[in-house]
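Novice: 3D, please:
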Amino acid sequence: MPSDASTSPAVTCTVATARTVGLRAVDLTRRFADRTVLDGVSLVASDGDRLGLVGENGAGKSTLLRLLAGADVPDAGSVHVGGTLGFLPQTVDVDRHVTVGALLDDALREVLALRARSTELEQAMARHPHDGALLAAYGEALEAFERREGWSAPARLDAAVQALGVAHLERDRRLEAVSGGQRSRLALAALLVARDDVLLLDEPTTHLDDEAVAFLEAQLRSWPGAMLVASHDRAFLDAVCTAVLDLDPSRDGGLTRYGGSYTDYRAAQADERRRWERAFADWQDEVDRLAVLARPAGHRIGHDREPRDNDKFIGHFLGQRQDATLARRVRDAQVRLDRLRAEPVPRPPAPLRFRAPEGADVRRDGVLVAARDVDVPGRVRLPALDVAHDTRLLVTGPNGAGKSSLLAVLAGELAPCSGRVLRACGVRVGLLAQEVRWADPSRNALSAFASGRTGDVEEHVRGLLEVGVLHPRELRTPVGRLSVGQQRRVALARLLTDVPHVLLLDEPTDHLSLSLVEELEEALAARPGALVVVSHDRWLRRRWDGDRLALAPAGGTSAGATVRP
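Specialist: Sure thing, here's the model as predicted:
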């Protein structure tokens, strides 16, 4: 919803001009309980900047956007906004007694007020043609009206609600009677029409289909003001952004800005990773070298040989000099070693890795899972599907086509009313479902991970941390108190360490940070064994190099599936 940031003491607003910085944050810090989420974050966004905000779950993306919007107050630091500001949070909080029509009319309120103001000033100038103050005021009002594309605002509103799929909603319907996704799309339509000088968006593509996302991308690429958007949609970031701000800690710490699109950001990150790995290796080598030199035995001044007769008369003198030289070299090496250890190069975090399925080599020629004439009324219908040891299959289809149901059938967690599913003897099938459910949410993450497994606590800790999807500080947190993304990480860790022969992933990139998603995809590409994936992620779908299974809606008699490379 459009927001007047001037209502917050943490935000300073100024009148927008051609030279005014759209948005500037200085040394923002925000703490919650005993955890500091943001520490001294600064950024600048000028007119024409479209900045993508990325980072690990919990890194503070939503918190930063709320501080910039004035919806929250920082513990330290300041925010300066040049002009008007619009903010779309992840969960739209509006008066649910307000009607759809009132919400959309409010989007036009400021534009219509600017037009009315311009008309009043025109009439006043006709009466007082030599009043310079009236002329200046009229110029400012007209500039603001044109900057917000006031002439086309009503038509753009109609186009936005149509493209975002909310045009069918009755104008007199209250917002409490529409879904959360519809409220979000209505608020987004209002923001696009209001054309504020600064636009802040938190996961704007969550409730949008591909056509609506394409419309949003076109709108934002022509946005004249400053924009900052947090999103897990890599294709969206690639299409829209002129730079990427990464909140994940880098080697130097703090927020890092990368110029260009998301593709450029990935390339720059890969280069930075290589430099980081090389710097750590060089630092480690130098520490090891100096550690040897810092020991007296590490210096060899002379050779182990018997002195010659003509050497003996200077032996005592040279021995003293050698002792002094040795002591100096040991001391210098220790000073340099202490300096290196005081300013270490941190070890780059290990990327996610999959282990090869045990016994996969004995099943390379057979079908691991076979489905025939599967029918779950109203959910999924499939004539035939074979999953072999080397199957790599992306399942697509509209909502309601039964993609998740198909994975549940293949995993044996949903029994079809007719048809059959056969599994080869000894084949392990693992499923990552969209919704993670725990038998006992009060158990901590480590206990939930270890449930039903043999081994001691140290083995479970090592197994969970080796997968790389959870931070050590989260191991003792009750699994029910973890975020949705963290809970899916625990489930993913269980799945990966079970080493299934057939891996079934339902929306695997949901609720994961972009860095982890990239590592997950690289690991999937290198993983031996069968893989079946359901995903709405356009980035993943565009780059999928395996087979595709397109499911039709299961409600009609003609429902079926086709497989294509």
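Novice: in the protein, which segments are predicted with low confidence?
Specialist: 1-21, 96, 249-254, 297-323, 351-365, 466-469, 554-565 (pLDDT under 70).
Novice: Buried residues in the biggest helix by length in the chain, which are they?
Specialist: The helix that spans the most residues within the chain, counting by DSSP state H, is helix 262-293. Of all the residues in helix 262-293, those buried under the rule 16 or more other Cβ atoms under 10 Å are 262, 264, 265, 266, 268, 269, 272, 276, 280, 283, 290, 293. C-beta coordinates here come from the backbone N, C-alpha and C atoms, glycine included.
Novice: Turn those residues into CSV, including distance to residue 326.
Specialist: Below are these laid out as CSV (distance: Cβ to Cβ, whole Å):
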residue, distance to residue 326
262, 56
264, 53
265, 51
266, 51
268, 47
269, 46
272, 41
276, 36
280, 31
283, 26
290, 15
293, 10
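Novice: Please identify which of those is nearest to residue 553.
Specialist: Using Cβ to Cβ, residue 262 is the member of the buried residues of helix 262-293 that sits closest to residue 553, with 32.6 Å.
Novice: could you measure that closest one against residue 223, distance?
Specialist: Going from residue 262 to residue 223 by Cβ to Cβ, to the nearest Å gives 17 Å.
Novice: all strands for the stretch 151-300 of the chain, in order.
Specialist: 198-202, 226-230, 243-246, 256-259 (DSSP state E, counting those that start in this stretch).
Novice: Just the C-alphas of the third one, formatted as CSV.
Specialist: If I follow you right, that is strand 243-246. What follows is strand 243-246, C-alpha atoms only, in CSV (Å, rounded to 0.1, in the frame of the first residue of the first chain):
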residue,chain,number,x,y,z
ALA,A,243,22.0,-3.7,-9.2
VAL,A,244,21.8,-6.3,-6.4
LEU,A,245,22.4,-5.6,-2.7
ASP,A,246,23.5,-8.7,-0.8
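Novice: Can you give the contact residues for that strand?
Specialist: 43, 49-55, 228, 237, 255-262, 264-265, 269 (Cβ atoms under 8 Å, 6 or more residues apart in numbering).
Novice: now with 10 Å?
Specialist: Residues from elsewhere that reach strand 243-246 (Cβ atoms under 10 Å, 6 or more residues apart in numbering): 41, 43, 45, 49-56, 59, 61, 64, 228, 230, 237-238, 254-262, 264-266, 268-269, 272, 514-515.
Novice: From the chain's centroid, how far away is it?
Specialist: Mean-position distance between strand 243-246 and its chain equals 11 Å (Cα atoms, centre = their mean, to the nearest Å).
Novice: quick check, residue 81 in a strand?
Specialist: Yes - assessed by DSSP: H, G, I helix; E, B strand; the rest coil, residue 81 belongs to a strand.
Novice: Surely it touches residue 22?
Specialist: Yes - if you go by Cβ atoms under 10 Å, residue 81 and residue 22 touch, sitting 7.4 Å apart.
Novice: Now the common contact residues for those two.
Specialist: By Cβ under 10 Å, 6+ apart, residue 81 and residue 22 have these common neighbours: 16, 45, 196, 197, 198, 226.
Novice: could I get the residues you listed as a markdown table with neighbour count?
Specialist: Putting those into a markdown table (neighbours: other Cβ atoms under 10 Å) gives the following:
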| residue | neighbour count |
| --- | --- |
| 16 | 23 |
| 45 | 26 |
| 196 | 27 |
| 197 | 23 |
| 198 | 27 |
| 226 | 28 |
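Novice: Out of those, which is nearest to residue 178?
Specialist: So of those, ranked by how close each gets to residue 178 (Cβ to Cβ), first place is residue 196, at 23.6 Å.
Novice: List the single closest residue to the closest one in space, sequence neighbours excluded.
Specialist: Computed as Cβ to Cβ, 6 or more residues apart in numbering, the closest residue to residue 196 that is not its neighbour in sequence is residue 86, at 3.7 Å.
Novice: The one you found is in what secondary structure piece?
Specialist: Using DSSP states H and E, residue 86 maps to strand 85-88.
Novice: after that strand, next one along is what?
Specialist: helix 100-127.
Novice: and the protein, what are its domains?
Specialist: 2-48+62-86, 278-299+316-347, 360-564 (automatic domain parsing).
Novice: Specify the stretch among those domains that is closest to residue 126.
Specialist: When the domains of the chain are compared by Cβ to Cβ, domain 2-48+62-86 sits nearest residue 126, at 25.9 Å.
Novice: For the residue lying closest to residue 369 once chain neighbours are set aside, give me its contacts.
Specialist: Nearest residue to residue 369 in three dimensions, chain neighbours excluded: residue 387, at 4.2 Å (Cβ to Cβ, 6+ apart). When contacts are counted by Cβ under 10 Å, 6+ apart, residue 387 touches 367-371, 393, 410, 423-424, 427, 429, 501-502, 504, 530-532.
Novice: SS state for residue 387?
Specialist: Classification of residue 387 using three-state DSSP returns strand.
Novice: related to what we said a few turns ago, got the shared contacts of residue 81 and residue 22 as CSV, with distance to residue 536 columns?
Specialist: Below are these laid out as CSV (distance: Cβ to Cβ, whole Å):
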residue, distance to residue 536
16, 37
45, 29
196, 29
197, 33
198, 30
226, 29
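Novice: Closest to residue 486 out of these?
Specialist: residue 45 (30.0 Å).
Novice: picking that back up, restricted to helices, list the contacts of residue 387.
Specialist: Per DSSP H, the contacts of residue 387 map to helices at residue 410.
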